[in-house]
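> sequence and computational prediction follow.
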Amino acid sequence: MQPNNQSAYLIIRQGNRWTDVFRLETCQTLVVGRASSNEIPVSDERASRRHAEIFFKDGNWILRDLGSRNGTLLDGSKIDAPKTLSPGNQITVASCRMTFVHSLTDYVPPTTDSEGPSDSPGSKTQSDLPPSITHRQSKASMLGSQEISPELIGSTQKSASESAKSESSEPTVHAAALEVLQLAFELAKSSSIPQACELALTKLLAVTGCQAGGVIKIDGFVKESKNDRSKSPDPPKFSLSVLAASELAGKAYHPISETIVQNLLRDPSAILARNVTSDPSLIGDPQQTGSHILSTTSLIAAPIQVDGNLFGVIHLYSRIGRKDLTPSDLEVALAIAEVLSVSIDNLWKHQSLETKLQSTSSRLEQLEQRLGHGDWIGDSQSMHVLREQVRRVAPTQATVLIRGESGTGKELVARAIHENSPRASGPFVTINCAALSPTLLESELFGHEKGAFTGATDRKIGKFELANGGTMLLDELGEMSMEIQAKFLRVLEGHPFERLGSNKPIRSNVRIVAATNRDLEQAVKEGLFRSDLYFRLRVIELKIPPLRERIEDVLPLAEFFLKQFRSSSGHGPTRFSERSQSAMMAYHWPGNIRELKNCVERAHVLATGDVAQSEDLALSNLQIPGMIPTAATKRSDEHDYRERTLDEVELEHIAQTLRYTQGQKNRAASILGIERSTLDRKLKRLQDGS
């Protein structure tokens, strides 16, 4: 419906602060002046008690001065007689300035402020007031460093406990601030967003004396850019949900007007509106929300902003017969809205972190199960000994050398040492020395600067820096070049290192765990490995037995891996047949646990039923030189047998042992359980026989 001359509003400004929008009634004369009984009180000594009045007569709105001491200004000129008002007229009574409009959509804010300094950040006037907007305030004065304006102090609503005790107004502002502070402490203990909203609404109603209000959440709104907003004139789309609400007994809470929400979405500043009875743009459509809203006389809407977005609105309204809401009530509402915004933001982040933590913990457990980083599988005596050694070594800072064949689980043992050490919260970094060239290995260990060598396009942080405060596993340590061994030894002895292409010294606190399947003693003898580095690494030596020497652990490991594969895929066999179990127990497992895991995965893929057969395992016939199957694991198939004398068997076994020790006679004699001189005689007999 188009506005007419009877529909009119005063948009009021006092001092450096917008106060409210006052809706004029044709049957009511509005008086402006210093007296508190006036419809628009002006807290300024320059204003007379009854300074001026505005009334409706003969189809026009009239402004008349009431014989004031300092006069009334209309568009900057003092009036001597009643003047007819036109849309856009500026009325000035002392420090109070008012703009007369027939419709809020016609209001154009002044481009200059001829009186007083510009607004402080806490009470800054919004210069782009959108349609149907009422009072605007962006920050609560009591929560900032700016001075609280006199009109707020003069009109602050007393709380129920203070109204009977205090006659002055200033302590009341302090009381309101204390109530907001108390609320902040209460919100810090809340565990959910609805609970926080209930606490904030209860406190706000108690401080302001209002008896009706709610906390509304805005859902489905997507913040648009200015360019998108200019292209799309349609109002923003959203939905509302009530998080907390309160009303008088026997009455139902009615939500906030969608027009006000649309304006808050465009400009999230607090709104105060008075004399709003039967104005659909401010209180909603009576045909949709019920005729009872016609009793609403004033309302407040304070935005709740979370992470820069409008989360919701605190909504208060008063009814006929109750005290109208005032600018000081808006100040309290805005302060509580800001405190509630911080609480909701913290609760939201806390809930998000909890969800992520639960998800991460679940994924970590699944990953540990897939990788086998949980408890070790196996009850053999050798594994019990190894567990005890790890338990004793882990809490120390000693360097550990782990020895064992490929696939026995050297990295698993190294990780167990790290996770049971004081460095468990630090990083665990691994590097395979055999997989990189000497130049790349040095770069991986110590890092490099941009341009240090061809292809070094950026700075790279080395593993030593990344592992600071934690543990670093050097796998296949015996493959290091002599030059890198020298640099590595210096770092182990506590000396600083430099990145490639840099001369800046760097120190790092790292525990070293080395792993190798190479005979380091033979490498030292052949000049391929530094003896001083060997002795520096071999502070604690742990030997991991091959799988063929703990054959009793084969079936528990196989069942563990089968359960893992079935859990991740959701299908596959559930057990092994007796024949497949016998085959696994008789096999010598040259690839150790890695080979066992691959065989189980192969059976999981190839098996056609719930039972994995021996042919599904497809065990290998590979024989690795120097690997001597034990009596319990050696195959006994008749087709493998050939006639040989004991001397032939002995000499063949000696030759295999020497190949295994890479020609080291002392170690071969120790393995064979004979003296070195006895071994030399047997070798001479072998040579004479050949």
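Yep, that arrived. Residues are numbered from 1 along each chain as shown.
> with adjacent residues omitted, what lies nearest to L264?
P303 (5.3 Å; C-beta to C-beta, 6 or more residues apart in numbering). For the C-beta atoms, the positions are set from N, CA and C on the backbone; glycine is no exception.
> I'd guess the one you found is in a strand, am I close?
Yes. Assigned with DSSP: H, G, I helix; E, B strand; the rest coil, P303 falls within a strand.
> and whichever strand or helix holds V261, what does it pack onto?
Secondary-structure assignment from DSSP states H and E places V261 in helix 258-266. For helix 258-266, the packing partners by 3 or more C-beta pairs under 8 Å, 6 or more residues apart in numbering; DSSP states H and E come out as strand 213-219, strand 271-274, helix 280-283, strand 296-306, strand 309-319.
> convert the C-alpha atoms of it to CSV, please.
Coordinates of each C-alpha in helix 258-266 appear next as CSV, following Å, rounded to 0.1, in the frame of the first residue of the first chain:
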residue,chain,number,x,y,z
GLU,A,258,10.9,-11.0,8.0
THR,A,259,11.4,-7.4,6.8
ILE,A,260,13.6,-6.7,9.8
VAL,A,261,15.6,-9.9,9.2
GLN,A,262,16.1,-8.9,5.6
ASN,A,263,17.5,-5.5,6.7
LEU,A,264,19.8,-7.2,9.3
LEU,A,265,21.1,-9.4,6.5
ARG,A,266,22.0,-6.3,4.5
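> before we move on, back to that, who touches the residue nearest to L264 in this structure?
Taking C-beta atoms under 8 Å, 6 or more residues apart in numbering, we find P303 in contact with 264, 268-270, 310, 312-313, 337.
> quick one: end-to-end length of stretch 20-31, please.
16 Å (C-alpha to C-alpha, to the nearest Å).
> for that stretch, buried residues please.
20-24, 30-31 (16 or more other C-beta atoms under 10 Å).
> now the residues you listed as JSON lines including pLDDT, secondary structure and distance to N346?
Formatted as JSON lines, these follow (pLDDT from 0 to 100; DSSP: H, G, I helix; E, B strand; the rest coil; distance: C-beta to C-beta, whole Å):
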{"residue": "D20", "pLDDT": "71", "secondary structure": "strand", "distance to N346": "32"}
{"residue": "V21", "pLDDT": "74", "secondary structure": "strand", "distance to N346": "34"}
{"residue": "F22", "pLDDT": "80", "secondary structure": "strand", "distance to N346": "38"}
{"residue": "R23", "pLDDT": "80", "secondary structure": "strand", "distance to N346": "39"}
{"residue": "L24", "pLDDT": "84", "secondary structure": "strand", "distance to N346": "44"}
{"residue": "L30", "pLDDT": "90", "secondary structure": "strand", "distance to N346": "45"}
{"residue": "V31", "pLDDT": "92", "secondary structure": "strand", "distance to N346": "47"}
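> kindly reformat those residues as JSON lines containing distance to A434.
Formatted as JSON lines, the buried residues of stretch 20-31 follow (distance: C-beta to C-beta, whole Å):
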{"residue": "D20", "distance to A434": "79"}
{"residue": "V21", "distance to A434": "79"}
{"residue": "F22", "distance to A434": "85"}
{"residue": "R23", "distance to A434": "85"}
{"residue": "L24", "distance to A434": "90"}
{"residue": "L30", "distance to A434": "92"}
{"residue": "V31", "distance to A434": "95"}
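> which residues touch Q90?
Per C-beta under 8 Å, 6+ apart, neighbours of Q90: 73-76, 97-99, 110.
> how near is A273 to L310?
19 Å (C-beta to C-beta, to the nearest Å).
> more crowded one of the two?
Between A273 and L310, counted using other C-beta atoms under 10 Å, A273 has the larger neighbour count: 29 against 20.
> low-confidence stretches in the stretch 101-250 of the chain?
Where the stretch 101-250 of the chain drops to pLDDT under 70, the residues are 104-174, 220-237, 249-250.
> check the chain too.
In the chain (pLDDT under 70), the answer is 1-5, 14-19, 104-174, 220-237, 249-250, 278-294, 362-375, 621-642, 686-690.
> hang on, the earlier thing: may I see the helices and strands packed on helix 258-266 arranged in TSV, with distance to L619 as well?
What follows is the helices and strands packed on helix 258-266, written out as TSV (distance: least, C-beta to C-beta, whole Å):
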stretch	distance to L619
strand 213-219	61
strand 271-274	80
helix 280-283	83
strand 296-306	62
strand 309-319	62
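> kind regards, and thank you for your time.
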